[in-house]
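[1] Based on what follows, work out the 3D shape:
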Amino acid sequence: MSKTLAILGWGSVAIFGAVAVGAIAVRRGEPINALWLVVAATCCYALGYRFYSKLIATRILALDGLRATPAERLENGRDFLVTNKWVVFGHHFAAIAGPGPLVGPVLAAQFGYLPGTMWVLAGAVFAGCVQDFVILLFSVRRDGKSLTEMAKDEIGRVGGFVAYVSVISILIILLGVAALIVVNALKASPWGLFTIAMTMPIALLMGVYLRRIRPGKVLEVSALGFVLVLAAIWGGQYVSQNAALARVFTLSAPTLAILIMVYGFAASALPVWLLLAPRDYLSTFVKLGTIALLAVGIVVLHPTLHMPALTRFVDGTGPVFAGKVFPFAFITIACGAISGFHSLISSGTTPKLIARETETRMVGYGAMMAESAVAVMAIIAACVMPPGVYFAINSPAGIVGQAPSAAAATISSWGFPVTAADMQALAYAVGEQTLYNRTGGAPAFAVGMAHIFSHSLGGETLMALWYHFAIMFEALFILTVLDAGTRVARFMVQDALAHIYKPLGRTSWYPSILATSALIVGAWGYFLWQGVKDPLGGINSLWPLFGISNQLLATVALCVATTIIIKMHRAKYAAVTLVPLVWLVAVTFTASWHKMFDPNPRVGFLSQAQALAAGPATGATSKLIFNNRLDAAVTGILVGMVTLVLVESGRQWLGILSGAKEARVKESPFVRTRFVEEQG
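    Next up is the predicted model:
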């Protein structure tokens with residue numbers, strides 16, 4: 001009876017999911033309700049987790065609940081620590097959820113809601129969740145080894161070296177782009193800047209409170225942080241309405257860029273308990289709570305998507321960023337579908353906390369599903385606003401014009417009507433001076449989120465409050481990646497420099513801390529400054545570069561995973577990681593070619609440099625020419641390195657399958673867990 005009910009239940013889920021996906025894919029010419037996306041996503045995730053992840057867990061990975069994890073065998077109370085599975089899930093989600101699932105889908109909405117939605121759903125279920133799950137399990141079985149160490153052990157020294165360089169590269173580019181998104185969201189926004197600025201002393205106070213004043217009182221410090229964050233949001237409104245204070249907190253993009261670099265250096269150099277840990281703790285509360293609230297708001301309001309399924313910009317002429325829907329939609333939406341950055345977390349802190357092997361399915365596959373759900377919400381937030389408003393917010397002045405009337409006229413000529421009066425009224429409603437040319441995706445997401453919240457939870461009078469709450473929410477997402485990523489990159493550089501001079505490898509030696517922190521901040525700060533000075537808003541060139549490097553890192557991770565699966569004598573199941581790998585190679589290599597050599601100056605780095613060189617020669621022009629050539633060189637180097645990993649991996653696969661090489665995995669020896677006896 002129960003089996004029959006299960007078949008009927010899951011059959012119903014499959015039917016509902018198929019109908020919802022069909023409605024999204026087929027409907028043309030009239031707006032659809034956002035609930036179609038919610039139903040499609042819910043059914044796809046449920047089916048993917050129940051059936052596909054179980055197939056991987058049982059047939060390929062053979063999860064063993066009797067096998068002791070490194071958290072149990074190597075527990076030291078610091079790095080290796082047996083942790084409750086729900087706490088690990090929260091930690092893993094907070095670590096992987098950066099700007100990608102919020103920003104990428106918003107930027108890709110210029111193509112319409114259809115390409116982004118289909119890629120987020122299919123990419124997550126069949127690629128992103130799979131990558132996170134298998135890399136986490138393989139790291140658990142290797143004493144929590146990093147992706148670079150696994151690449152060296154399983155693919156060879158070349159693979160390990162390339163993986164190391166790729167990781168450093170992706171971190172630097174990711175951090176630079178993340179910082180640029182914060183700058184574009186907070187420039188000329190006294191309310192937003194004040195609120196975000198206040199989260200830093202709040203975090204410092206929480207750190208001191210928990211360590212010095214009331215050690216161990218987690219609930220007290222949580223309540224204190226929550227109340228102070230709400231006060232910071234209300235205080236921002238007062239600041240924006242006070243002429244003298246508003247001038248103090250109204251800063252230009254270059255000034256904000258410098259301040260964010262100073263913050264990144266401080267977050268890397270200060271003790272982890274003082275700033276990094278309380279900030280991450282505070283942001284996790286805000287992240288999970290806001291995501292749940294946004295889901296409720298979408299269900300209650302069930303808004304209509306005003307953006308068409310496909311726009312005219314699928315041909316590559318988009319104002320937000322240039323490039324055709326293939327391949328650029330698939331590198332723009334990285335983290336919501338598959339992200340190489342996640343493999344660093346799945347082989348970083350998380351495998352050192354897992355108590356039982358069987359929990360890797362929920363943590364690895366499940367947390368990525370949660371992030372993909374965030375991406376679906378971002379698509380909805382971007383597409384519920386009128387398309388004209390969306391393009392007015394996200395299009396750079398270099399494309400639509402600086403003056404409001406000129407921008408409105410240009411956007412209306414594309415078939416997406418908007419007026420300067422509409423934009424002025426919207427800016428007033430959300431408590432901003434202007435919403436034009438706010439490139440980066442974050443402001444557009446905040447407007448969509450404020451629209452959903454104000455119409456379902458509080459009314460129009462609270463729209464400004466919700467908008468700035470959304471800006472704070474996004475900035476907390478991004479700054480968490482910024483401070484943690486800078487620290488992780490600093491550790492990696494210290495490890496490398498230890499081969500030259502041993503004291504540089506000591507993570508507690510302050511001369512090394514200061515030097516390596518400055519080195520990393522200087523590296524990502526360069527890309528940030530490049531984006532700030534870019535007349536096209538920076539996102540046009542830097543976000544595709546970020547997407548390419550991120551997906552190339554996922555290619556490396558899937559090479560490692562496929563190699564291990566073949567070595568485990570599971571070659572008949574290798575398609576589970578090999579098919580996503582082939583797709584990523586097709587997407588990223590095509591996108592890389594276009595970014596380097598496309599003759600359209602808005603797409604190709606080298607053609608843009610050539611176009612600039614043909615114009616008037618100025619100091620700024622020379623800088624932009626150099627930056628474009630550097631971006632082209634970085635793209636080429638990354639593609640070349642990943643090609644080496646692919647070649648080395650292919651040699652391993654052919655050697656093993658032909659019998660020329662021994663199929664031997666380098667796992668830690670089996671040790672029986674003590675938890676079985678304790679539970680018995």
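
[2] thought residue 93 was touching residue 367?
    Yes: if you go by C-beta atoms under 8 Å, residue 93 and residue 367 touch, sitting 4.4 Å apart. Every residue, glycine included, has its C-beta placed from N, CA and C.

[3] who's more crowded, the two?
    residue 367 (28 against 22; other C-beta atoms under 10 Å).

[4] ok, then the element right after whichever strand or helix holds the more buried one?
    Residue 367 is part of helix 367-383 when elements are defined by DSSP states H and E. With elements assigned by DSSP H and E, the helix or strand that comes after helix 367-383 is helix 387-394.

[5] on contacts alone, who are the packing partners of that next one?
    Helices and strands touching helix 387-394, by 3 or more C-beta pairs under 8 Å, 6 or more residues apart in numbering; DSSP states H and E, are helix 404-413, helix 420-429, helix 442-456.

[6] Include distance to residue 357 when you put those into TSV, please.
    Shown next, in TSV, are the helices and strands packed on helix 387-394 (distance: least, C-beta to C-beta, whole Å):
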stretch	distance to residue 357
helix 404-413	53
helix 420-429	51
helix 442-456	37
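
[7] Mind checking those for the one nearest to residue 150?
    Among the helices and strands packed on helix 387-394, helix 442-456 comes nearest to residue 150, with 34.2 Å by C-beta to C-beta.

[8] Between helix 420-429 and that closest one, find me the angle.
    Inter-element angle recorded for helix 442-456 and helix 420-429: 70 degrees (by axes from the mean of the first three to the mean of the last three C-alpha atoms, to 10 degrees).

[9] Buried residues, stretch 654-668. List them.
    656, 665, 667, 668 (16 or more other C-beta atoms under 10 Å).

[10] Contacts only, for the residue lying closest to the third one once chain neighbours are set aside.
    So that's residue 667. Sequence neighbours aside, residue 141 is the residue nearest to residue 667 in space, at 4.6 Å (criterion: C-beta to C-beta, 6 or more residues apart in numbering). Residues near residue 141 by C-beta atoms under 8 Å, 6 or more residues apart in numbering: 67, 357, 667, 668.

[11] Centre of the chain to the helix holding residue 367, how far?
    11 Å (C-alpha atoms, centre = their mean, to the nearest Å).

[12] for the chain, what's the longest helix?
    Ranked by number of residues, the top helix in the chain under DSSP state H is helix 619-658.

[13] Remind me what that one packs against, helices and strands.
    Secondary-structure packing of helix 619-658 (3+ C-beta pairs under 8 Å, 6+ apart): helix 157-186, helix 510-533, helix 539-567, helix 575-597, helix 605-613.

[14] Comparing those, which yields the minimum mean pLDDT?
    For the helices and strands packed on helix 619-658, mean pLDDT drops lowest on helix 157-186, to a mean of 80.

[15] Report the angle between that one and helix 510-533.
    Using the same axes, to 10 degrees: helix 157-186 against helix 510-533 is 60 degrees.

[16] So for helix 157-186, what gets flagged as buried?
    In helix 157-186, counting by 16+ other C-beta under 10 Å, buried: 158-164, 166-186.

[17] Same check on stretch 371-381?
    Applying a neighbour-count criterion of 16+ other C-beta under 10 Å, the buried positions in stretch 371-381 are 371, 372, 373, 374, 375, 376, 377, 378, 379, 380, 381.

[18] which is the next helix or strand following the helix or strand containing residue 24?
    Residue 24 belongs to helix 2-26 when assigned by DSSP H and E. Counting by DSSP H and E, the next helix or strand C-terminal to helix 2-26 is strand 32-33.

[19] now what about that next one, what contacts it?
    Contact with strand 32-33 is made by 23, 24, 302, 303, 304, 305, 309, as judged by C-beta under 8 Å, 6+ apart.

[20] residues in contact with the first one?
    It stands for residue 23. Residues near residue 23 by C-beta under 8 Å, 6+ apart: 32, 36, 40.

[21] Check the burial of the second one by counting its neighbours.
    Using other C-beta under 10 Å as the criterion, residue 36 is surrounded by 20 other residues.

[22] isn't there a strand covering residue 667?
    No: Residue 667 sits outside any strand when classified using DSSP: H, G, I helix; E, B strand; the rest coil, being coil.

[23] Hmm, it is touching residue 142, no?
    Yes: if you go by C-beta under 8 Å, residue 667 and residue 142 touch, sitting 6.1 Å apart.

[24] With adjacent residues omitted, what lies nearest to the spatially most central residue of the chain?
    The residue lying closest to the centre of the chain (C-alpha atoms, centre = their mean) is residue 100, at 2.7 Å. Closest residue to residue 100 apart from its sequence neighbours, by C-beta to C-beta, 6+ apart: residue 335 at 2.4 Å.
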